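[1] Starting from these lines, generate the structure:
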Amino acid sequence: MKVVINGAGIAGTALAFWLGKLGHEVLLVERAPALRTGGFVVNLWGIGYDALEKMGLLPALLERQHATDALRMVDSAGRTRGGYPSRVLLTLANGRMATLARFDIAAAIYGALGGRVETLFGESISTLDDDGTRVRVGFTHAAACEADLVIGADGLHSRIRQQVFGPDVEFEYPMGCHVASFEVAGYRPRSGNAYVAYTAPGKYVARFPLRDDRMLFFVLLRDEHLKAPAPTNPQERKLTLAAALINIGWESAAIVTAIEQADDLYFDSISQIRMPTWAKGRVALIGDAAACPSLIAGEGAGFALAEAYVLAGELHRHGSDLEAALAQYQARLQAVVARRQKHAESLVASFVPRTALGVHMRDYATLLMRLPLFPRLLMGRYFHDAMALPEYGI
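    Numbering: from 1, shown residues only. Predicted coordinates:
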């Protein structure tokens, strides 16, 4: 088949990898001028870890891990009030977990495409005309083409979903929070390899040490602590985030200074995408475009990898019966994604308690993670995907 994939993130590159390996003609379209850099660091386990292993990329990526030795929850004076060693999570994942930058995952997959996939950078899909047998794809700059299948792998605010399935408001489920992330060089203190987090009521800020003396900051804010909707202008984003964090305690003054120094700052609402169907005719969705579990759920990258493998496998298994392949792709994955979305609702209260008492109780609960049995009691369900990846012989 000729397949056009919109989006060169983890979901898009992973699907391109499998389809290219299977001999399909793949065109990968990315709005950015090159592969995107920066972004979040994610813990990868379960079916996502398994999918990466099937691609043969796991050994190389494990060498790119961002290792932490502990999670530390601190109070406004920087005193440790909670937390646990990182090995607790590794044990919950049965030793199969990797801490990786999203960019490193996408870059490794893209580097493994081996020239089998054509890529258009700095390009966007402007029109889609599905006549039932082919899809005519129009681009902002390039000449139009025809495809057997078009895949929207373009994230939470998917343009393909908007064009074919409907506006965001029909499928987006807000979680009541906004998230921000940015990197700076040379930030101090560094606290070794610890992930250090501080929570004021409704506000969570953490720092995560990266390679090359860089520090990644991760911020969660309850919507009621934003005076206005998150702006799209980069400088206004910085001002809005700084206003929310100033004078909240801990290292807030230094972090506000770091915000001013950041080259690139991500700021968006935290939402899920809940759709009754992931395909319509010869257009289908994958990754966050189809079923974003939300950043708080913690397995979006893993689901993207698993969905890419399953979608490619079902297309391979069903041959020319595209409708059956797309239906089975969704049937295999939708229930496990829906469970993760449900879990995410309870995690919001854990990450960003609304009251000082809630913060205290959360920090105390993290101390219990140091004791036998408590990790599985408190967090075991988050590390159980309730499915294994099918074998497709690909």
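[2] so where's the stretch 1-150 of the chain uncertain?
    Applying pLDDT under 70 to the stretch 1-150 of the chain picks out no residues at all.
[3] which ones are touching the closest residue to residue 11 other than its chain neighbours?
    Of all residues not flanking residue 11 in the chain, residue 287 sits nearest, at 2.9 Å (C-beta to C-beta, 6 or more residues apart in numbering). In short, each C-beta sits where N, CA and C put it, glycine included. Residues near residue 287 by C-beta atoms under 8 Å, 6 or more residues apart in numbering: 7, 9-12, 153, 155, 300, 303-304, 307-308.
[4] So which of the residues you listed are in helices?
    Judged by DSSP state H, the subset of those located in helices is 10-12, 300, 303-304, 307-308.
[5] Make JSON lines from these and add distance to residue 136 and neighbour count to it.
    As requested, the ones in helices among the contacts of residue 287 are exported to JSON lines (distance: C-beta to C-beta, whole Å; neighbours: other C-beta atoms under 10 Å):
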{"residue": "10", "distance to residue 136": "28", "neighbour count": "31"}
{"residue": "11", "distance to residue 136": "23", "neighbour count": "32"}
{"residue": "12", "distance to residue 136": "20", "neighbour count": "31"}
{"residue": "300", "distance to residue 136": "31", "neighbour count": "27"}
{"residue": "303", "distance to residue 136": "30", "neighbour count": "28"}
{"residue": "304", "distance to residue 136": "27", "neighbour count": "31"}
{"residue": "307", "distance to residue 136": "26", "neighbour count": "28"}
{"residue": "308", "distance to residue 136": "25", "neighbour count": "28"}
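[6] ok, which stretches of the protein are helices?
    Using DSSP H, the helices found in the chain span residues 10-21, 46-54, 58-62, 87-92, 102-111, 159-164, 234-245, 252-261, 288-291, 300-318, 322-351, 356-368, 374-379.
[7] Output those helices in JSON lines, with distance to residue 196 appended to each entry.
    Below are the helices of the chain laid out as JSON lines (distance: least, C-beta to C-beta, whole Å):
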{"stretch": "helix 10-21", "distance to residue 196": "27"}
{"stretch": "helix 46-54", "distance to residue 196": "26"}
{"stretch": "helix 58-62", "distance to residue 196": "24"}
{"stretch": "helix 87-92", "distance to residue 196": "16"}
{"stretch": "helix 102-111", "distance to residue 196": "21"}
{"stretch": "helix 159-164", "distance to residue 196": "37"}
{"stretch": "helix 234-245", "distance to residue 196": "15"}
{"stretch": "helix 252-261", "distance to residue 196": "11"}
{"stretch": "helix 288-291", "distance to residue 196": "28"}
{"stretch": "helix 300-318", "distance to residue 196": "23"}
{"stretch": "helix 322-351", "distance to residue 196": "15"}
{"stretch": "helix 356-368", "distance to residue 196": "13"}
{"stretch": "helix 374-379", "distance to residue 196": "20"}
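[8] Nearest to residue 149, out of those helices?
    Nearest of those to residue 149, taken as C-beta to C-beta: helix 322-351 at 6.7 Å.
[9] what's the angle between the closest one and helix 300-318?
    170 degrees (axes from the mean of the first three to the mean of the last three C-alpha atoms, to 10 degrees).
[10] about what we covered before: okay if I get the contacts of residue 287 as CSV plus distance to residue 326?
    What follows is those, written out as CSV (distance: C-beta to C-beta, whole Å):
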residue, distance to residue 326
7, 18
9, 21
10, 20
11, 15
12, 17
153, 14
155, 20
300, 21
303, 17
304, 17
307, 12
308, 14
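[11] for the residues you listed, which one is nearest residue 237?
    Set against residue 237, the nearest of the contacts of residue 287 by C-beta to C-beta is residue 155 (17.9 Å).
[12] so the closest one touches residue 8, yeah?
    No. Under the criterion of C-beta atoms under 8 Å, residue 155 is not in contact with residue 8, lying 10.9 Å apart.
[13] So between these two, which is more surrounded?
    Per other C-beta atoms under 10 Å, whichever of residue 155 and residue 8 has more neighbours is residue 8, with 26 against 20.
[14] how much space between that one and residue 381?
    Noted for residue 8: a distance of 33 Å to residue 381, by C-beta to C-beta, to the nearest Å.
[15] repeat for residue 208
    Residue 208 is 24 Å from residue 381, by C-beta to C-beta.
[16] next one: residue 156
    24 Å.
[17] Between the two, point out the one with more neighbours.
    Between residue 156 and residue 381, counted using other C-beta under 10 Å, residue 156 has the larger neighbour count: 20 against 13.
[18] Surely the more buried one touches residue 270?
    No. Counting by C-beta under 8 Å, residue 156 sits too far from residue 270 to count as a contact (9.3 Å).
[19] OK, contacts around residue 381?
    residue 343.
[20] tell me the pLDDT at it?
    Among the per-residue scores, residue 381 shows a pLDDT of 82.
[21] ditto for residue 311
    Value listed for residue 311 in the pLDDT field: 98.
[22] what sits against the closest residue to it other than its chain neighbours?
    Using C-beta to C-beta, 6+ apart and skipping the chain neighbours, the partner closest in space to residue 311 is residue 329 (4.7 Å). For residue 329, the contact set (C-beta under 8 Å, 6+ apart) comprises 278-279, 284, 307, 310-311, 314-315.
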